[in-house]
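Undergrad: okay, predicted coordinates and the sequence, questions at the end:
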Number of protein chains: 2
Amino acid sequence: MTYANDMTSPATDTALASELRTTVMRLARRLRNQRADTTLTLGQLAALGSIDRHGPMTPGELAAHERVQPPSMTRIVAALEAAGLVVRAGHPTDGRQVLVAVSPEGKALLRDDRRRRDAWLAQRMRDLEPADLLVLREAAAVLDRLADS
Amino acid sequence: MTYANDMTSPATDTALASELRTTVMRLARRLRNQRADTTLTLGQLAALGSIDRHGPMTPGELAAHERVQPPSMTRIVAALEAAGLVVRAGHPTDGRQVLVAVSPEGKALLRDDRRRRDAWLAQRMRDLEPADLLVLREAAAVLDRLADS
DNA sequence: TATTGTTATACTCTATAACTATA
DNA sequence: TATAGTTATAGAGTATAACAATA
């Protein structure tokens, strides 16, 4: 177990990890609450975003991606389709499979949702000093690597 | 990668906000999945942590804190009490109220849970350069202010 | 026979409304 | 009469098991 022996900063790497964990979770919780369209559940919104990011998928792939059982995804996709946010098409070669894609309306909803959350965060960032913003710019890349690893 | 205060950085504050939002949400999701005790629901774990952080509370205060309706908190507290993680005591002066406190077992569970998540994050931080760690140290304080505001 | 997707059913969690006890 | 907490009941959402269609 290695600890950094740096006297000027928060004691150890473990202490820093703990502080970061708390802060990230809290900020994420607040961001989650900024959701625009309250008619969609979190699961539906997450599935919609997943299809948008990774392209058209079968319900099975989508269920695996969202760590949900297939029957649950059937219901989620049905709700999204009823709301006109996704369209379902038969698989070109395998008649058993179905491909789910985001509709233009779905893309518009996702765009609005992201814009709203971004605006909330950007508004709060206006209270920061320029030096703080610089720190955040540098940290964004580092946090990204952490989340990826 | 290090952004300087020039044209190579994310063009606007809104772009930075968008990048931060995505990264924070992703990191939070990964942290959430490191949960140790899967017998507790997320709501129960959040309530337990809240009592631990803010000290003994009435169910009503706890419900307001967790943005949940009082009847829901009644059930959550009942489950925590059945698991021996909290204890309930009558309010000293007001017979209608009840005070919920974390038991030693509850504190031990929280300690384990935090240790596990911290360890996960600390492990990933070991792959970072010292300069990146310094950025995170500075960013932790800034992110904290963002989450508070 | 194996696989993809859906339907049937039960369980968990939360909310609204009604009730009890205390101030 | 107002307030804190609990109980009763209903509404979402997800999971397991059974079923239909296709490979």
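TA: Cool, got the structure. These figures come from a predicted structure and were not determined experimentally.

Undergrad: quick check, A:Ala89 in a strand?
TA: Yes: counting by DSSP: H, G, I helix; E, B strand; the rest coil, A:Ala89 is found in a strand.

Undergrad: so it touches A:Leu99, yeah?
TA: Yes: at 5.0 Å, A:Ala89 and A:Leu99 qualify as touching, with contact defined as Cβ atoms under 8 Å. C-beta here means a position set from N, CA and C on the backbone, and glycine is covered the same way.

Undergrad: stretch A:23-40 vs DNA strand D: in contact?
TA: No: using Cβ under 7 Å from any atom of the strand, stretch A:23-40 stays clear of DNA strand D, with a minimum separation of 7.7 Å.

Undergrad: buried residues in that stretch?
TA: Neighbour-count burial for stretch A:23-40, counted by 16 or more other Cβ atoms under 10 Å in any protein chain shown, picks out A:Thr23, A:Val24, A:Met25, A:Arg26, A:Leu27, A:Ala28, A:Arg30, A:Leu31, A:Leu40.

Undergrad: the residue of chain A found nearest DNA strand C: helix or strand, and which one exactly?
TA: Residue nearest to DNA strand C within chain A: A:Gly60 (2.5 Å; Cβ to the nearest atom of the strand). A:Gly60 is part of helix A:59-65, with elements assigned from DSSP states H and E.

Undergrad: buried ones in that helix?
TA: Within helix A:59-65, the residues that count as buried by 16+ other Cβ under 10 Å are A:Pro59, A:Glu61, A:Leu62, A:Ala63, A:His65.

Undergrad: can you check stretch A:124-140 too?
TA: Buried, per 16+ other Cβ under 10 Å, within stretch A:124-140: A:Arg124, A:Met125, A:Leu128, A:Asp132, A:Leu133, A:Leu134, A:Val135, A:Leu136, A:Arg137, A:Glu138, A:Ala139, A:Ala140.

Undergrad: what about it, distance to the chain center?
TA: Here stretch A:124-140 is found 22 Å from its chain centre; the criterion is Cα atoms, centre = their mean, to the nearest Å.

Undergrad: do that stretch and chain B meet at all?
TA: Yes: using Cβ under 8 Å from any Cβ of the partner chain, stretch A:124-140 reaches chain B at A:124-128, A:130, A:132-140.
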